[in-house]
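Q: Prediction below, plus the sequence it came from.
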Amino acid sequence: MSVHLLALRPEPGLSATLEKARALGLSITGQALSEIRPVAWDCPDPAAYDGLLIGSANAILHGGANLAPLADKPVFAVGEATASAAREAGFAVEMVGSGGLQGVLDTIAPPRRLLRIAGEEHVPLKPPAGVSFDTVIAYRNVMLPLDPSAGELAAGDIMVLLHSAATARHFAGECDRLGLERETITLAALGPRIAAAAGEGWQAVHIAASPDEVALLAMASHLCQKPSSIPAAPGR
């Protein structure tokens, strides 16, 4: 059976996801269910910080002029896409994670004081002993209406990729608004918090083994080869 994937990320992440999925031979379409917009923020004293904690390329892409005074600060990036955006903007990248921003934070040697540049919705973090951070909000994710024809949502055999809790909540609400039946749609989420935000009633909900897109697409590829009657694994 052929399962079609639908990605709902904002650009430029959406195009990157579509390219990666098609390189794996997956059938996929996409819709930007949200749009990243900059938020006005004040740059604190750069001398107070030893580096920048960056959980999304959007912090670099939408950080604006306030990034300039921080240009000499090393970046601790959640993953390679974020690190690449930082390098292109002229930053030196000291660390690149692969399993979420908390994992990056846990491996930073103390003492360090960091500036976290984040979006309005961001994952709470707990710094290890000797490491601290302040947070500034540089962008927000503005939700957009769902096109009910996207990815043949009403036709069944559809798996929706969810990269954020905000998108998961909005997608669930849009399905209810448009009268789309949840039980005909399978979800593939980047993490448990994202899956929980989507609520209940779906055909199945699967969670990537680690919070990165490589794991998400690998899981989707595996699931697309299985009959849709197979339920989500326990705990997923």
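A: Happy to help now that I have it. Residues are numbered from 1 along each chain as shown.

Q: Any chance of the backbone angles for the residue lying farthest from the centre of the chain?
A: The C-alpha centroid of the chain is most remote from residue 47, which lies 30.3 Å away (CA atoms, centre = their mean). When read as degrees, to the nearest 10, the backbone of residue 47 gives phi -60, psi -20.

Q: While we're on it, how confident is the model there?
A: At residue 47, the model reports a pLDDT of 98.

Q: At the geometric centre of the protein, which residue do we find?
A: Compute the mean C-alpha point of the chain, and by CA atoms, centre = their mean the closest residue is residue 163, 4.0 Å away.

Q: Next, the buried residues of the biggest strand by length in the chain.
A: Counting by DSSP state E, the longest strand found in the chain is strand 131-143. By 16 or more other CB atoms under 10 Å, the buried positions in strand 131-143 come out as 131, 133, 136-141, 143. (Glycine included, C-beta is placed from N, CA and C.)

Q: Following the chain past the helix ranked longest in the chain, name the next helix or strand.
A: The longest helix of the chain (DSSP state H) is helix 165-178. Using DSSP states H and E, the helix or strand that follows helix 165-178 in sequence is strand 185-189.

Q: List the contacts of that following strand.
A: Defining contact as CB atoms under 8 Å, 6 or more residues apart in numbering, one finds that strand 185-189 is touched by 3, 5, 153, 158-162, 168, 175, 195, 198, 202-208, 216, 219-220, 223, 228.

Q: hmm, try it at 6 Å
A: Here strand 185-189 makes contact (CB atoms under 6 Å, 6 or more residues apart in numbering) with 158-162, 195, 198, 202-207, 220.

Q: pLDDT on it, on average?
A: Average pLDDT, strand 185-189: 96.

Q: residues of it that come out buried?
A: Neighbour counts using 16+ other CB under 10 Å place 185-189 of strand 185-189 among the buried residues.

Q: Parallel or antiparallel, which strands does that strand pair with?
A: Using DSSP bridges, strand 185-189 pairs in its sheet with strand 158-162 (parallel), strand 204-207 (parallel).

Q: now, of these, which is deepest in the fold?
A: Ranked by mean neighbour count, the strands paired with strand 185-189 are led by strand 158-162 with a mean of 25 (mean count of other CB atoms under 10 Å).

Q: Centre of the chain to that one, how far?
A: 14 Å (CA atoms, centre = their mean, to the nearest Å).

Q: What of stretch 183-199?
A: Averaging C-alpha positions (CA atoms, centre = their mean) puts stretch 183-199 13 Å from its chain's average.

Q: how close does the residue farthest from the centre of the chain get to residue 113?
A: Using CB to CB, to the nearest Å, one gets 11 Å for the distance from residue 47 to residue 113.

Q: closest to residue 66 among the contacts of strand 185-189?
A: residue 162 (30.4 Å; CB to CB).
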